[in-house]
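K.L.:
Need coordinates for the following:
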Amino acid sequence: MPFPARRTAPDPIEPASESPARMQSVRVGDDGERRGAAAAVDPASVRGALVLALAGLLALAIGIGLFTRHNLVYRIHDYAILNLAGQLRELSNGMGLDARQIVRTDEAAPGPAELERYREKLGQQVAQYDRIVQSFVTRELSPDLTGLDDPVSCTWDALSLRQLAATAAAWQEIRVGVLPGTLEGASATQIVASARTLATDDGRLLQSSRALSIAFKEMMQRKLDFVIRAQVGSVILSALFGLLAFVLVRRHVLRPLAGVEHLARRVIAGDLGSQAPVAGGREIAAIGVALNRLSRRMHLLFGLAERSAGGLTTGELLDTLRADLSPHVPIDFVAVAFADAADLRGWRVLRTSGAGPAELADGTSLGVHGPVADASRELAARGRRAGFGSLMTTALRIDGDDSAVLLFAARVSDAFPEETAALLRNVARHVQSQLERTLSTEALVVAAVEGLAKLAESRDPETGDHLLRMSLYSALVAAELGRGGRHAGRIDVRFVEDVRRFAPMHDIGKVGISDAILLKPGRLTDAERADMCRHPTIGADVLRRCEAQMQQRGRSMFRIGIEIAEAHHERWDGTGYPNGLAGEAIPLSARIVAVADVFDALTSRRPYKEAWSIDRALATIDADSGSHFDPEVVAALHRTLPEVLAIHERHKHV
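P.N.:
Numbers count the residues shown, from 1 in each chain. Predicted coordinates:
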């Protein structure tokens, strides 16, 4: 079955563990814009000092890492350079040895084949020597020379440059003055002459090559010494930075925190009102200021709690509140407004303290029937008209509903900055708990009546979790009707909660029906049915007596419960009982409970029947829409079907 799209906004449907009191605050008279700016790094603050120290350490670590990586790369390059310098030395030595082999005197002259092999080898040696020397001079070593992936750029110091110039000159002299211009076309006589010259003069070239290799080694050793000194210096610098960070933490964090800890211990020991000197960086100083403020506020709140522990009336509570706050906050007037349940969420001033206007006198109606925000705005508007310069309203959650508003008013302007507002919200929580205690009788009455409902349920063992499920179904449907359409203005959170609370009491009148009739397995006689049809009237009378007791205390509580108990068996077409009401004459709460009650009865297993399928139950209810049931309520049940099915699955009776 396709379901229409549903809103996801949560509704107060299923009872859950209550979170701490939720405070909603509105301040009036402070029209200044909220200002804020990103805090810059301030060296005088703990955060600034630590950020600078850590930034220095990070920069130093990055620098050391980059420097080390750079020198590791250069060490690889240095090894390649030393290898090539060694090749020059080996080439010099090799050319001399080969030349002496050609011009040996103790053996016969070399033949053509031997001369050809010598010529080819000498050509390779000369070409390699040329390439290496030329690369050193141009300071660019190609990968085919070094065996590395990338070319190597050389950097020489002055000593290396001088020795490189001497080696290059010696080679050039031998290359031009001794060797033929090209070995490819040289004659045997020329080759032997060149070999004779190399055999007698190779020492100069070998010595020059060795000197170049030594110069390179010394240059690289100097570089290595520099790297070692730099690494040692970086370690020393890191240690200095670490020491600086420790000094900063000790001076700006540890010592001031010790003072804050001392104050905290004094407060924990009960020395409320104690103050600690403000010291340290900006953040620690802010902690000290906040803890001092906390100490003063705890002293205020505990004193208020102690003075009101004797059970003050609402008026006495407000007088005590204003007197205790006056040394700390310029408060001239305090008032509590309450939602009058007897007047469909109408709001009136319950009690006041201080000199206030007539339109905020005790018992004055605010002319508002909406949510707590409307009452807060009306209180603030009346306070402004009375000449108060600063006003603050705070919603109070009573019996799980935002049904009270606490008003603070001062003649001066800007009396309630955020810091003061936070204090007043804490005070409001105390007032809230006191108000809840004054209304404890109401809660006891509800508990007693709910106990009667459970008693009625216990007499009919077939019901299982019927009361829980149908109450949750009822609240879902009520909330859905309140989201739009012609019922939106009549249904609010309080109505939904009352429907959920009193739906289980719909059959409370069955406590007045005998077991012989209530538990009879067969069909009832006409007389027995007439007696059974009395249970709505019996239940309504029980709740009316409870309502009368509440009205003596100036409160109305059971109106919805009376409607549900008395009219849940009325039918849309007027053929129901006990009063034969029809259509809109049947209270909306009773119309909602009637649909939820039948739906759960049809979809629940009983000893005399199996549970019907959801589709079959809905088809039956749809068939009775417009005769037994209100069509709008039936439509709302369809729209809430996903949530209904979730409750059915979670709480189904096994």
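
K.L.:
In this structure residue 211 contacts residue 164, no?
P.N.:
No: counting by CB atoms under 8 Å, residue 164 is not a contact partner of residue 211; they are 9.9 Å apart. Every residue, glycine included, has its C-beta placed from N, CA and C.

K.L.:
Pick out whichever of those two has more residues nearby.
P.N.:
For residue 211 and residue 164, the more surrounded residue by other CB atoms under 10 Å is residue 164, and the numbers stand at 22 against 18.

K.L.:
Quickly find the element holding that one.
P.N.:
Per DSSP states H and E: residue 164 is located in helix 158-177.

K.L.:
And that helix, what's buried?
P.N.:
Along helix 158-177, the positions that meet the burial threshold by neighbour count (16 or more other CB atoms under 10 Å) are 160, 163, 164, 167, 168, 170, 171, 174, 175.

K.L.:
And stretch 115-125, how far out from the chain middle?
P.N.:
Once both centres are worked out by CA atoms, centre = their mean, to the nearest Å, stretch 115-125 turns out to sit 80 Å from its chain's centre.

K.L.:
let me fix that: stretch 421-428
P.N.:
Relative to its parent chain, stretch 421-428 has a centroid offset of 25 Å by CA atoms, centre = their mean.

K.L.:
How much space separates residue 151 from residue 366?
P.N.:
Note on residue 151: its distance to residue 366, by CB to CB, to the nearest Å, is 88 Å.

K.L.:
from what I can see residue 393 touches residue 378, true?
P.N.:
No: between residue 393 and residue 378 there is no contact under CB under 8 Å: 9.5 Å.

K.L.:
nearest to residue 538, of the buried residues of helix 158-177?
P.N.:
When the buried residues of helix 158-177 are ranked by distance to residue 538 (CB to CB), residue 160 comes first, at 115.7 Å.

K.L.:
measure that closest one to residue 516 for me?
P.N.:
When CB to CB is the yardstick, residue 160 and residue 516 sit 121 Å from each other.

K.L.:
Please identify the helix or strand for the spatially closest residue to residue 171 that is not a sequence neighbour.
P.N.:
Using CB to CB, 6 or more residues apart in numbering and skipping the chain neighbours, the partner closest in space to residue 171 is residue 133 (5.5 Å). Secondary-structure assignment from DSSP H and E places residue 133 in helix 112-138.

K.L.:
ok, and for that helix, which residues are buried?
P.N.:
When neighbours are counted by 16+ other CB under 10 Å, the buried residues of helix 112-138 are found to be 115, 118-119, 122, 125-126, 128-129, 131-133, 135-136.

K.L.:
Please apply the same query to stretch 599-609.
P.N.:
599, 600, 601, 602, 603, 604.

K.L.:
if I look at the residue nearest to residue 620 when sequence neighbours are not counted, how far off is residue 532?
P.N.:
Distances taken as CB to CB, 6+ apart put residue 602 closest to residue 620, at 6.3 Å, once the chain neighbours are dropped. Using CB to CB, one obtains 20 Å as the distance from residue 602 to residue 532.

K.L.:
Surely residue 218 is in contact with residue 156?
P.N.:
No: with contacts counted by CB under 8 Å, residue 218 stays clear of residue 156, the gap being 11.7 Å.

K.L.:
element containing the closest residue to residue 434 other than its chain neighbours, please.
P.N.:
Beyond its immediate neighbours in the sequence, the residue positioned closest to residue 434 (CB to CB, 6+ apart) is residue 317, lying 5.2 Å away. Mapping residue 317 onto the secondary structure by DSSP H and E places it in helix 314-325.

K.L.:
which is the next helix or strand following that helix?
P.N.:
Helix 314-325 is succeeded, C-terminally, by strand 333-340 (DSSP H and E).

K.L.:
Who are the packing partners of the following helix or strand past that next one?
P.N.:
Following strand 333-340 in sequence order, the next helix or strand is strand 346-354 (DSSP H and E). The contact analysis (3 or more CB pairs under 8 Å, 6 or more residues apart in numbering; DSSP states H and E) places strand 346-354 against helix 314-325, strand 333-340, helix 372-385, strand 401-410.

K.L.:
which of these sits most buried?
P.N.:
Most buried of the helices and strands packed on strand 346-354 by mean neighbour count (mean count of other CB atoms under 10 Å) is strand 401-410; its value is a mean of 26.

K.L.:
Quick check: which element contains the closest residue in space to residue 557 that isn't next to it in sequence?
P.N.:
On the basis of CB to CB, 6+ apart, the spatially nearest residue to residue 557 that is not a chain neighbour turns out to be residue 550, at 4.7 Å. Here residue 550 sits within helix 535-551, counting by DSSP H and E.

K.L.:
Going along the chain, name the strands of this structure.
P.N.:
With DSSP state E as the criterion, the chain has strands at 24-28, 140-141, 152-153, 333-340, 346-354, 390-398, 401-410.

K.L.:
what pairs with the last one, and is each one parallel or antiparallel?
P.N.:
Right, the one you point to is strand 401-410. Neighbouring strands of strand 401-410 in its sheet, by DSSP bridges, are strand 333-340 (antiparallel), strand 390-398 (antiparallel).
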